[in-house]
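1. below is the structure, and that's it, no one-letter string:
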């Protein structure tokens, strides 16, 4: 946390409490399946640890990774969950590719599954156009046309004109989670994201410890 956040802790908490109170008043107007939360989360291409076992008295302890570059570059995962405890629609995955596009070779060899929508950008981060792509290929196909949807999501610069993005979704009311409060009140941050990162790390650990050639 920055010093400013510490100094403004009371204001941040007040902002969080006000937002939660507003949402609770609206919940009775929506089905639990139709109250949604979406958020982006970054994962390194290769998860590594800065700690390892060593022998007592050893002067230099070495550990290895498969790719130094992969330990500093990440990809974006954006799930969406409901108040009823379900994962809604496919997971949105944004990869980092030079020039912001996949080569024909990568595209032809890309693992394909119907519960993941894959895109890419030059930075590995989402832009306004990619948020619109998520809207059209994840959000809209995952909700019924006649449904009234309450979508909770946080604010970030790449989203651009959020109002313009979501007003095109029929029956959708979006509420923006106040800045600096997501770790306190956003469902994905409070619980869900941590759980799937644990799963990802478990997969990486098995590959590394058993020296599986992947």
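-> That came through fine. In this text, all values refer to a predicted model and were calculated from it rather than measured experimentally. Numbering: from 1, shown residues only.
2. with adjacent residues omitted, what lies nearest to the residue nearest the centre of the chain?
-> In the chain, the residue lying closest to the centroid (Cα atoms, centre = their mean) is residue 40, at 2.3 Å. Spatial nearest neighbour of residue 40, excluding adjacent residues (Cβ to Cβ, 6 or more residues apart in numbering): residue 78 at 4.7 Å. Every residue, glycine included, has its C-beta placed from N, CA and C.
3. kindly report the same for residue 143.
-> residue 149 is the one closest to residue 143 (Cβ to Cβ, 6+ apart), at 5.4 Å.
4. first-to-last residue distance for stretch 138-154?
-> Taking Cα to Cα, to the nearest Å, stretch 138-154 runs 17 Å from one end to the other.
5. residues in contact with the helix or strand hosting residue 165?
-> For residue 165, the enclosing helix or strand under DSSP states H and E is helix 162-166. Contact with helix 162-166 is made by 128, 131, 132, 135, 151, 155, 159, 172, 174, 176, as judged by Cβ atoms under 8 Å, 6 or more residues apart in numbering.
6. quick one: contacts for the third one?
-> With contacts taken as Cβ under 8 Å, 6+ apart, residue 132 has the following neighbours: residue 165.
7. for it, helix, strand, or coil?
-> helix (DSSP: H, G, I helix; E, B strand; the rest coil).
8. so which of the contacts of helix 162-166 belong to strands?
-> Judged by DSSP state E, the subset of the contacts of helix 162-166 located in strands is 151, 172, 174, 176.
9. and residue 89, what pLDDT?
-> Note on residue 89: pLDDT of 94.
10. isn't it right up against residue 136?
-> No: assessed by Cβ atoms under 8 Å, residue 89 is found out of contact with residue 136, at 11.8 Å.
11. show me which of those two is the more surrounded one.
-> residue 89 (22 against 13; other Cβ atoms under 10 Å).
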